[in-house]
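*Asks:* Need a 3D model of the sequence below.
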Amino acid sequence: MKSPTKSTDLSVETKVLTALSFYATGSYQRPTGNIEGHSMAQQTVSSSIAQVTACLNSMEMRQKYISFPSTEQERNRIKTEFYNKFNIPGVLGCIDCTHIAIVRPAENEERYYCRKHYHSLNVQIVCDANMNITSVDASNGGASHDSFIWANHPLKAHLDNLSETQNIWFLGDSGYPLRKTMMTPIIDAAPNTPEAHYTYLHVRTRNTVERAIGLLKARFRCLLVHRVLHYTPRVAGSIVNACVILHNICNRVNTPVPQLSHEEVTLEAQLQLNLSRAEEGLPGSANVELQRGHATRHALIQQLWERRHL
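*Replies:* Predicted coordinates:
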């Protein structure tokens with residue numbers, strides 16, 4: 001960001017603090033400009049938010065602070081951290097989607113109208129064992145199902161290629177189809193069985209991404225569903241990316257964790273979608289992928305059962 005050239009220009013620091021105030025509170029731009037200690041016109045606040053958001057969305061910032069493991073050494077580190085914390089091998093990330101409410105867009109409105117009857121982005125998030133977000137995709141509308149977003153995401157093809165030589169997978173909920181690189185829970189597992197033991201560990205581990213999303217929204221309340229981002233889908237997606245970068249920075253420096261109020265937690269849960277089980281009976285190659293997924297999950301179940309007392 002450029003330093004001010006006129007005495008009447010805002011400093012970079014003021015612009016950053018103005019944007020942070022908006023991200024953190026979710027208040028609309030006029031209240032942000034009226035905070036005690038300074039007074040800004042709505043246009044000035046809007047300009048500050050736009051400049052800071054664009055800066056945070058630069059390729060340099062995104063590559064520095066949102067980093068999916070690109071080397072075997074980095075992948076092994078993440079898998080080791082998951083194993084040390086949760087006793088499941090091979091986990092490269094936990095995945096989930098969350099809805100971010102937006103105003104009704106002027107174009108392609110139907111793509112953003114979700115089943116809870118409001119307009120939103122369905123944001124895909126992947127995190128590591130420490131709740132650092134390693135991948136975010138805020139480009140999809142609320143009408144898109146989690147499994148559809150994943151099926152068309154470049155990370156899926158990347159994991160499929162890596163799985164040819166490595167045992168790696170994501171942990172997803174039952175909204176995702178079981179695949180060799182996507183381990184899902186067994187929701188009807190009988191008690192005291194290998195399947196129930198696997199599902200217990202799976203749910204306990206995958207809860208990491210739910211906690212990461214909760215922490216992201218507690219830090220940056222502009223992302224809470226009931227706040228509603230009054231921007232186009234593209235700009236709203238940029239704000240999501242900016243907040244994810246700031247979330248990862250907060251994690252690096254151990255910023256104290258804020259708490260959502262009981263009312264905010266309840267409202268957020270009510271307005272998020274409870275996805276049904278993913279369809280698995282698909283024709284052709286999908287059935288082959290499903291069979292490979294079952295074989296991989298069965299082997300993992302047996303491995304976890306044999307190691308449960310170690």
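
*Asks:* For residue 55, what are phi and psi?
*Replies:* Note on residue 55: its backbone torsions stand at phi -60, psi -50 [degrees, to the nearest 10].

*Asks:* Tell me which residues touch it, please.
*Replies:* By CB atoms under 8 Å, 6 or more residues apart in numbering, residue 55 lies in contact with 1, 61. C-betas here are computed from N, CA, C, even on glycine.

*Asks:* Next one: it from residue 242, what distance?
*Replies:* According to CB to CB, to the nearest Å, residue 55 and residue 242 sit 9 Å apart.

*Asks:* Mind pulling up the pLDDT for the residue lying closest to residue 240 once chain neighbours are set aside?
*Replies:* Spatial nearest neighbour of residue 240, chain neighbours left out: residue 138 (4.1 Å); criterion: CB to CB, 6 or more residues apart in numbering. Per-residue confidence at residue 138 stands at 98 (pLDDT).

*Asks:* and what of residue 2?
*Replies:* 81.

*Asks:* Kindly provide the distance from it to residue 12.
*Replies:* When CB to CB is applied, the distance between residue 2 and residue 12 equals 8 Å.

*Asks:* try residue 87
*Replies:* As defined by CB to CB, residue 87 lies at a distance of 46 Å from residue 12.

*Asks:* so where's this protein shaky on pLDDT?
*Replies:* Low-confidence regions of the chain, defined by pLDDT under 70, span residues 7, 28-39, 275-285, 310.

*Asks:* residue ranges for the helices of it, please.
*Replies:* For the chain, the helices defined by DSSP state H occupy 12-25, 29-33, 42-56, 59-65, 72-86, 146-151, 154-162, 194-219, 233-252, 262-271, 285-306.

*Asks:* Let me see the contact set for the most centrally placed residue in the chain.
*Replies:* For the chain, the residue whose C-alpha lies nearest the mean C-alpha position (CA atoms, centre = their mean) is residue 125; its distance is 2.3 Å. Contacts for residue 125 were tallied using CB under 8 Å, 6+ apart; they are 95-98, 133, 135-136, 209, 212-213, 216, 244.

*Asks:* same question, residue 162
*Replies:* For residue 162, the contact set (CB under 8 Å, 6+ apart) comprises 75, 168, 181.

*Asks:* If you rank the residues you listed by neighbours, which is first?
*Replies:* Among the contacts of residue 162, residue 181 has the most neighbours (other CB atoms under 10 Å), with 24 neighbours.

*Asks:* didn't the residue nearest to residue 240 look like it was pressed against residue 123?
*Replies:* Yes. A contact is recorded between residue 138 and residue 123 when judged using CB atoms under 8 Å, the distance being 4.7 Å.
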